[in-house]
Every structure is written in structure tokens, then in C-alpha cells.
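[1] Okay, predicted coordinates and the sequence, questions at the end:
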Amino acid sequence: MARTKTTYRTIHPETNEEVTFTKGGRPIRWITWGDLGKGFVHFGYSSQETYAKAVKAPRSSNPYASRYEATPATVVEDETPTVEPLAAEEPQERPMRAGLTVTPDSPRPGEMKLNVELDGEMIGVVFDESPAKLARGGFAAWSSKCRNRGGIVGFYPSKEEAAEAIADLYAADGPGGSKAPAFTKRRARFFALPTVRRNSVAVWAASLYDGTRTVTACWTAALERDESAHPGPDPETGEPVYVRTHSATTRHLPNPDKSGRRTLCGQEWQLASWYRHEGQIRRPADWMIRGLPNCGGCGTSHAAR
């Protein structure tokens with residue numbers, strides 16, 4: 001990141017000659033001086049608003065001067081190096097994860113307290129301080145899960161980012177301590193999953209991170225594993241996907257809210273009515289799955305959903 005340097009002009013307190021100083025960092029208002037016995041020499045800089053405060057600033061760093069002074073600093077020019085932005089592989093957006101909601105604590109207008117829930121469970125609070133237009137971020141996130149600074153997670157520019165920061169405290173660690181894939185498409189796929197499946201994907205990705213694979217490769221493999229365990233409708237015919245268990249007496253519906261290969265009636269399934277093999281879509285014979293009678297338990301659960 002290119003550092004911004006600013007040139008300031010001021011008048012020497014004894015010679016009345018114009019002098020300039022160039023420095024980086026935050027803006028300053030005063031140039032400070034001190035007399036160590038041979039006249040005023042440059043002591044440093046001050047961002048204090050008033051002269052009375054600025055002239056006291058160098059005393060804390062060098063208390064041995066016989067007198068102190070502060071002269072106004074006037075900006076001459078900004079020297080900001082021009083740097084071409086790096087082309088990103090994908091824009092780094094952060095979609096809200098599935099099941100995460102931010103709602104006002106009460107219906108009163110202008111309510112500043114926002115409740116953060118994940119899958120219906122209260123996980124923290126966001127305080128809307130945006131009317132104050134604070135430089136640190138107008139939304140303060142708090143959660144009992146955070147052990148630092150009395151539960152304050154941090155300050156963020158939007159309520160969505162504040163809620164995401166709280167939700168990260170409850171998320172399982174992925175490879176290298178990451179909480180989610182870095183790139184937009186994988187991140188969107190990950191956050192669209194139910195919480196149980198997200199955590200399962202993170203744990204599996206972390207188990208693959210043995211030093212021979214990159215973090216991105218681990219997330220990709222874990223997402224593909226989850227996708228194979230939760231097939232959707234047939235991509236060519238649009239028919240609902242059915243699965244069969246070891247007993248193979250009825251056809252079942254896969255449960256999209258559970259990790260692993262689970263049916264809506266709670267059993268573990270073995271084979272789906274379609275799957276991919278070496279990039280090709282394969283379908284078992286009709287008598288193996290599609291020709292079987294429907295499972296009553298799956299039908300009841302599906303209707304309740």
C-alpha cells in the first residue's frame with residue numbers, strides 16, 4: 001500500500017524564516033520546538049487543536065528544554081505515489097450467510113439496538129451509532145462469545161458486516177484458521193448453506209490442510225464433497241432427486257439441512273437417482289430407485305417443510 005506524505009510549511013519561531021517539513025501518517029496542525037540552550041530546534045509534530053495544548057506536547061517526550069514553542073503547520077502539497085491497482089481474481093464481496101438476521105430490538109422509530117440471530121438463536125447485538133458519523137465505523141458489534149474488551153467484537157461500516165463478525169465467532173475454523181472461502185463464488189456457495197453444513201464443510205476443509213494443498217484447494221474439495229452428499233434436482237430433466245438406503249425397499253428424499261448423506265426420515269442413503277462420474281451425469285436403472293414406492297416418513301417431512 002502506498003503511503004501518503006504531506007509537506008508542511010511554517011515559520012521558525014526565532015529567525016522568522018520559512019521552513020518546510022515532509023512527513024507521513026495522520027495530518028498535523030502544529031510544528032513543535034524546544035530550546036536546549038542554543039536556540040529553538042525542531043522537536044516534532046502535534047495534531048492538537050489549540051496552541052495551548054500543542055505547546056505542551058513536546059514536554060512529555062523531552063522535558064529538558066528551557067522553553068517550548070509551537071508554530072502553525074500549513075499544507076504545501078501532498079505527495080501520493082500513483083500505484084496501479086492489482087487486478088483481483090474476483091471481487092471481494094461478503095454476502096450474508098443463510099440463517100443470519102438483523103432486526104431492531106423494538107418497533108420504536110430510530111431504534112439503535114439491533115438483535116443478531118443465527119438460525120433463530122440470539123448470538124449478539126449491534127448498536128447503530130451511524131448518525132454520529134464516526135471514523136471508526138458506525139456499527140458496534142457485541143457478543144458474549146467475545147472474551148476481549150468486555151464483549152465488544154469491533155466497529156464496522158454496516159450492520160451486515162457487524163453481524164457477520166459476530167457470526168464468525170460461532171463458526172468452525174477452516175484451513176489455516178480461515179472462517180470461509182476467500183473468493184466470491186465459493187464464498188457465496190458456502191454462506192448459502194445451512195449452519196450445520198457450513199461447519200461440517202469447514203471442519204472437513206481443515207482436515208485436508210496438511211501442507212500439500214492450498215487453502216483454496218481445501219475449501220473447493222470440501223464444497224464438492226458437500227454438494228455430492230446433497231444433490232439437487234436432475235440438471236437435465238428437472239425431476240426431483242430421489243435416494244435409496246441400504247434396504248432399498250422405498251425411495252427417499254435427501255435432507256438438505258443435515259450434514260452427510262441423511263434422508264428426511266433420518267436414515268443414511270447410499271445411492272442417488274443421478275450423480276456425476278468423470279464429468280458425466282449417470283443414472284441408475286429405474287428399478288433401483290425411481291421405480292420404488294415413496295417413503296411415507298420422507299413424504300410427511302417434505303409436506304411439513
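    Received it, and whenever you're ready, just let me know what you need. Computed from a predicted model, the values in this text were never measured in an experiment.

[2] For residue 27, give me its contacts.
    Neighbour list for residue 27: 6, 47, 75 [criterion: Cβ atoms under 8 Å, 6 or more residues apart in numbering]. (Glycine included, C-beta is placed from N, CA and C.)

[3] distance of it from residue 55?
    Shown here: residue 27 relative to residue 55, a distance of 19 Å by Cβ to Cβ, to the nearest Å.

[4] now do residue 127
    As judged by Cβ to Cβ, residue 127 and residue 55 stand 38 Å apart.

[5] Strands of the stretch 101-250 of the chain, residue ranges please.
    The residue ranges that make up the strands of the stretch 101-250 of the chain, judged by DSSP state E, counting those that start in this stretch, are 113-118, 121-128, 139-142, 152-156, 243-245.

[6] Sort out which residues of the second one are buried, please.
    Within strand 121-128, the residues scored as buried using 16 or more other Cβ atoms under 10 Å are 123, 124, 125, 126, 127, 128.

[7] Count residues in the vicinity of residue 191, would you?
    A count of nearby residues for residue 191, using other Cβ atoms under 10 Å, gives 19.

[8] Could you do residue 169 as well?
    Other residues within reach of residue 169, judged by other Cβ under 10 Å, total 16.

[9] measure the nearest residue to it once chain neighbours are set aside to residue 257 for me?
    Once flanking residues are discounted, residue 169 sits nearest to residue 145: 4.2 Å by Cβ to Cβ, 6 or more residues apart in numbering. Taken as Cβ to Cβ, the spacing of residue 145 relative to residue 257 amounts to 23 Å.

[10] quick one on the thing from earlier: relative to residue 213, which of the buried residues of strand 121-128 is nearest.
    Each of the buried residues of strand 121-128 was scored against residue 213 by Cβ to Cβ, and residue 123 proved nearest at 31.3 Å.

[11] can you pull the pLDDT of the closest residue to residue 236 other than its chain neighbours?
    Counting by Cβ to Cβ, 6+ apart, residue 281 is the residue found nearest to residue 236 once chain neighbours are left out, at 6.3 Å. Note for residue 281: predicted pLDDT of 89.

[12] So residue 281, which state does it fall into?
    Under the three-state scheme (DSSP: H, G, I helix; E, B strand; the rest coil), residue 281 adopts strand.

[13] how many other residues sit next to it?
    12.

[14] isn't it right next to residue 241, touching?
    No: taking Cβ atoms under 8 Å as the definition, residue 281 is not a contact partner of residue 241, at 11.7 Å.

[15] what residues do the two have in common as contacts?
    Overlap between the contact sets of residue 281 and residue 241, as judged by Cβ under 8 Å, 6+ apart, is given by 234, 274.

[16] Is residue 234 in contact with residue 275, as I believe?
    No: the pair formed by residue 234 and residue 275 falls short of the contact definition of Cβ under 8 Å, at 10.4 Å.

[17] This completes my enquiry, with thanks.
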